[in-house]
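K.L.:
Take this sequence and fold it.
(one chain, ligands or ions: 1)
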Amino acid sequence: MRTLLLNPPSFQSFDGGAGSRYQATREVTSFWYPTWLCYPAGLIPDSRVLDAPPLDLDVAAVAEVAKDYELAVLFTTTPSLAYDLNTARCLKEANPRLTVGLVGPHVSVRPEDAFAGSSVIDFVARREFDYTLQEVAAGQSWEDIAGISYRHNGVIRHNPDRPWIEDLDALPWVTEIYHRDLQIENYHIPYLRDPYVSIYTGRGCPSRCTYCLWPQTFTGRRYRVRSVADVAAEVHRALELFPQAQEIFFDDDTFTADGERAQQLARALKPLHCTWSATARVTTSYETLQALKDGGLRLLVIGYESGNAQILKNIHKGATPDLARRFTKWCKELGIQIHGAFMVGLPGETPATLAESRRFACELDPDTVQVSLATPYPGTEFYELCQQQGYFRTGALVDQDTGYQKCVIDYPGLPAEEIFAAVPKFYRQFYFRPRYMGRAAWTMMQDPTERRRLLKEAKEFFQFLFRRQQGQACKP
Ligand code: SF4
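P.N.:
Take a look at the predicted model:
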């Protein structure tokens, strides 16, 4: 079947779809690659990936494209599901012969929401959908396809789960599809060098963070990896395909989950003389950090989440503030930059722990920070906890006009309004420090490219703070 793999239009500048763990519009414009859709695109001969948000395509535009296809698969998320079901309806109206399927974390754990929400959804491919979609597109009988839920004579059938893919080397290289279907200049993450190219070297994470979406719904709690040779060969190819790329980003759930293998990969990348960045945990050893730096590593993305030891225990982070301090010190010694992610509103949060996390971030002083509202997504232990304890406020996870995060949790002694207000307060305390501002000024003086990037981000960031103050975004 001629197959359209669609990251659908959504809220303006919504970067929460295929390839993004953070299902909301961001403070500063960013776009992740729709990487998950590029695997089946490499397996299905007559296919195309269409990434609507960075192209600013609306529903009418994608419906027009879908007229030429027999199968359309939409990547959906919890906050965008209603919007995506409407898009699916428009696609089917424009092309009544179209078969329409949904993929993504939300429908992996709640496929029934898709069928209840719209009569035009023919099937859902749960969890890893690479081979599931290949079999659907090849016309295989649906009753024989593992991992699929579908309508049959008015009844919803759920076939057994598809086992996790063990041989990840057998999957196609997504970079070939990026080259065929995407423009890498459309993809931008504030802390990465533009343009960047993102790939996964493995899937899943062995850690047990209770709030973390992908391993609990989509990629599993085991780190399955590609061979070092396969990854190095794809990076080599990516550098040929995209000579303009300024860096490669390894966007695994946790790139350093297997330290020895990460070291081997760094040694294999060294002769390629490329700059790269990756995800990591604060438990990474000094020896591993040293090897990664030696192999071309520029920056690590770290989930510090909180500066409070009890909150880290509550969320099963498997980390402590002291491990975070040690890790940060080592990175600074080795010249590795850090983008630190924090969350406000995790279980156990109080006004005092919010202040503690802000002080902790300033003490660690990573190069940049990201502060998110803790969001309980269906399928996570955090979601179950909020349900059991009655922490949920009714309402959508994101603002239905803008796609910005909303706070949907009330804790005893800490209402949603205070958690919501903690985000800009955190950013202000971190970024409006003389130490940070002096560093940014120095960087801008030294490097014109960095100057342009930082000024653009600063402008968007101030606009974001202003909108929040005016109550136009992220209302609880
Ligand atoms: S270490 Fe990171 S990717 Fe792994 S479960 Fe925790 S938050 Fe998720």
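K.L.:
any weak-confidence spans in the protein?
P.N.:
26, 466-476 (pLDDT under 70).
K.L.:
Could you list the domains of it?
P.N.:
Following automatic domain parsing, the chain resolves into domains at 3-127+129-158, 168-378+420-432, 441-476.
K.L.:
ok, and does the second one reach over to the ligand?
P.N.:
Yes - with C-beta under 6 Å from any ligand atom as the threshold, domain 168-378+420-432 lies in contact with the ligand, specifically through C205, S207, C209, C212, P215, D253, T254, R281, G303. All C-beta atoms are positioned from the backbone trio N, CA, C, and that covers glycine.
K.L.:
L50 belongs to a strand, doesn't it?
P.N.:
Yes - assessed by DSSP: H, G, I helix; E, B strand; the rest coil, L50 belongs to a strand.
K.L.:
residue contacts, it?
P.N.:
Applying C-beta atoms under 8 Å, 6 or more residues apart in numbering, we find L50 in contact with L4, L5, L6, N7, L57, V62, V65, D181.
K.L.:
Tell me the buried residues within the residues you listed.
P.N.:
Of all the contacts of L50 considered here, the ones buried according to neighbour count by 16 or more other C-beta atoms under 10 Å are L4, L5, L6, N7, L57, V62, V65, D181.
K.L.:
these two touch, right, the fifth one and P8?
P.N.:
Right, L57. No - applying C-beta atoms under 8 Å as the test, L57 and P8 come out as separate, 9.1 Å apart.
K.L.:
Tell me where the stretch 51-200 of the chain has helices.
P.N.:
Using DSSP state H, counting those that start in this stretch, the helices of the stretch 51-200 of the chain run over residues 52-55, 59-66, 81-94, 105-109, 111-117, 130-137, 174-181.
K.L.:
Tell me which of those sits most buried.
P.N.:
Each of these was given a mean neighbour count from mean count of other C-beta atoms under 10 Å, and the largest, a mean of 25, is that of helix 105-109.
K.L.:
now for it, which elements pack on it?
P.N.:
On a contact count with 3 or more C-beta pairs under 8 Å, 6 or more residues apart in numbering; DSSP states H and E, helix 105-109 meets helix 111-117.
K.L.:
what does the helix it packs on contact?
P.N.:
Contact partners of helix 111-117, identified using C-beta under 8 Å, 6+ apart, comprise 76, 81-82, 85, 102, 106-107, 121, 124, 126, 149, 151, 156, 158.
K.L.:
Put together a markdown table for those, with distance to Y223 on each row.
P.N.:
Compiled in a markdown table, these are given as follows (distance: C-beta to C-beta, whole Å):
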| residue | distance to Y223 |
| --- | --- |
| T76 | 26 |
| L81 | 29 |
| A82 | 34 |
| L85 | 33 |
| L102 | 27 |
| H106 | 23 |
| V107 | 24 |
| I121 | 32 |
| V124 | 26 |
| R126 | 21 |
| S149 | 27 |
| R151 | 35 |
| I156 | 33 |
| H158 | 27 |
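K.L.:
which of those come close to the ligand?
P.N.:
Counting by C-beta under 6 Å from any ligand atom, no member of those reaches the ligand.
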